[in-house]
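Novice: next come a sequence and a model predicted from it.
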Amino acid sequence: MRYPDGGGLSAAARDRRERVRLQAADLFANGVSPPEVAQRLRVSRKSAYDWHRTWETAGRDALRSAGPASRCRLDAERLARLAEELDRGPAAHGWTVDQRWTLARIATLIERMFGESYTLTGVAKLLHRMGYSAQRPVHRAVERDEEAIVAWRREVWPRGTTTAAAAGAWICFLDEAGQGLRPPKGRTWSRRGRTPVVTVSGRRSPRISIAGMVCVRPGYRPRLIYRLLVHRGRRGERKGFVATDFIRLVTAAHHQLDGKIVMVWDNLPGHHAHTVRAFIDKHADWLTVHWLPSYAPELNPAEGIWAHLTSGVLANLAAFGLDHLIRVTKTALKRIQYRPDLLWGFLAETGLGLEPP
């Protein structure tokens with residue numbers, strides 16, 4: 001819990017701050033000036049002067065802690081029960097139309113559970129004290145197999161890192177994304193009550209498809225290797241990558257990295273095409289593939305690249321046309337290539353380590 005005593009600081013934090021104030025009082029008694037006290041105790045001058053004024057008028061005991069600023073009507077046991085019920089979700093309490101916790105619903109839940117009536121403002125303050133905040137949820141597919149994902153982390157991934165370490169191979173994560181002229185929405189400042197308007201194209205095409213590989217190896221700078229496919233909306237033009245495109249990308253990565261590859265790939269049908277399978281079998285001397293469990297994008301650091309693009313340079317982009325979109329996307333990807341710290345961050349976000357067990 002963020003604020004254990006129903007709001008404000010914990011008891012330990014209050015004791016720690018009280019000790020600082022009492023140290024300041026002892027220094028004042030020895031003739032130390034407030035600016036010197038601020039420097040010694042690493043506090044602001046304003047705090048030092050306020051303490052000095054209190055010490056002069058009311059003495060040393062006036063600087064002791066007065067306890068928590070406010071008391072919550074729900075004790076620690078009730079707050080723990082409330083947090084447990086909130087974590088179960090709204091559907092568990094009868095709100096099955098959508099899956100949103102609103103302040104009104106939480107106020108109703110508190111009254112049902114404890115007979116305590118809270119205003120919406122009071123509920124908001126209570127949630128902040130409990131360490132809750134309003135957040136945009138992450139969508140998860142109903143078809144996810146959580147046990148398979150746990151097993152993949154526990155069994156398949158360690159096997160892949162062991163194989164890569166033994167062969168001195170690169171571990172490469174491959175994923176695809178697409179973007180049209182209609183940009184993703186991004187937050188921006190605007191006057192209250194005036195929703196900002198971004199003029200964008202209403203056409204579904206043209207668009208670009210991106211296939212990217214995040215390649216990592218202990219002791220080496222991480223690499224981003226990508227290919228762009230442009231779809232201009234012409235008749236008979238391919239709209240996305242096919243098996244031969246993936247084969248060419250993996251081959252190019254092999255030559256560029258100049259080493260063996262342990263590929264981590266999702267289960268899209270195009271990745272299991274007969275030509276791809278034949279390619280993997282033919283080049284088993286330098287290519288090993290481990291398939292990700294279905295509906296587990298959080299295991300692929302390449303997903304972090306697409307999130308970085310859509311929340312950054314592409315958000316609210318009023319592209320003049322397809323060529324402008326291509327230029328902006330390529331520039332952004334090139335910048336990512338020269339930021340190894342960012343690529344390592346995408347891998348860290350997955351929680352996957354490179355060291356073999």
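Specialist: Ah, there it is.

Novice: neighbours of the spatially closest residue to residue 207 that is not a sequence neighbour, just the number please.
Specialist: Among residues not flanking residue 207 along the chain, residue 180 sits closest, at 3.9 Å (Cβ to Cβ, 6 or more residues apart in numbering). Heads up, the C-betas are built off the backbone N, CA and C, glycines and all. Residue 180 has 17 neighbouring residues, counting by other Cβ atoms under 10 Å.

Novice: give the contact list for residue 52.
Specialist: Listed by Cβ atoms under 8 Å, 6 or more residues apart in numbering, the contact set of residue 52 reads 24, 28, 34, 37.

Novice: just residue 144 next, same as before
Specialist: 294, 295, 296.

Novice: again, only this time at 6 Å
Specialist: residue 295 (Cβ atoms under 6 Å, 6 or more residues apart in numbering).

Novice: confirm that it sits in a strand.
Specialist: No. Counting by DSSP: H, G, I helix; E, B strand; the rest coil, residue 144 falls outside a strand, being coil.

Novice: now the helices for the stretch 1-150 of the chain?
Specialist: Assigned by DSSP state H, counting those that start in this stretch, the stretch 1-150 of the chain shows helices spanning 11-29, 34-41, 45-58, 76-88, 103-114, 120-129, 146-151.

Novice: residue 206 is in contact with the residue nearest to residue 207, correct?
Specialist: No. Look at residue 180 against residue 206 with Cβ atoms under 6 Å: they stay out of range, at 7.3 Å.

Novice: can you count the residues close to the closest residue in space to residue 343 that isn't next to it in sequence?
Specialist: Counting by Cβ to Cβ, 6+ apart, residue 222 is the residue found nearest to residue 343 once chain neighbours are left out, at 3.9 Å. When neighbours are counted by other Cβ under 10 Å, residue 222 registers 21.

Novice: doesn't residue 212 lie inside a strand?
Specialist: Yes. Under three-state DSSP, residue 212 falls within a strand.

Novice: any idea how far it is from residue 242?
Specialist: 17 Å (Cβ to Cβ, to the nearest Å).

Novice: looking at the two, which one has more neighbours?
Specialist: Using other Cβ under 10 Å, the more surrounded residue of residue 212 and residue 242 is residue 212, with 23 against 13.

Novice: was I right to think the more buried one contacts residue 303?
Specialist: No. Counting by Cβ under 6 Å, residue 212 sits too far from residue 303 to count as a contact (9.9 Å).

Novice: give me the element residue 179 is part of.
Specialist: In the assignment (DSSP states H and E), residue 179 maps to strand 170-180.

Novice: adjacent strands (with direction) for that strand?
Specialist: Strand 170-180 has its sheet partners listed here by DSSP bridges as strand 207-216 (antiparallel), strand 261-265 (parallel).

Novice: can you tell me which of the ones you listed is most buried?
Specialist: Among those, strand 261-265 has the highest mean neighbour count (mean count of other Cβ atoms under 10 Å), at a mean of 23.

Novice: elements contacting the following helix or strand past that one?
Specialist: Next helix or strand after strand 261-265 toward the C-terminus (DSSP H and E): helix 274-282. Here helix 274-282 touches helix 243-257, going by 3 or more Cβ pairs under 6 Å, 6 or more residues apart in numbering; DSSP states H and E.

Novice: tell me how far the helix it packs on lies from the chain's centre.
Specialist: The chain centroid and the centroid of helix 243-257 are separated by 30 Å under Cα atoms, centre = their mean, to the nearest Å.

Novice: in that helix, what counts as buried?
Specialist: Within helix 243-257, the residues that qualify as buried are 243, 245, 246, 247, 249, 250, 253, 254, 257, counting by 16 or more other Cβ atoms under 10 Å.

Novice: all set now, cheers.
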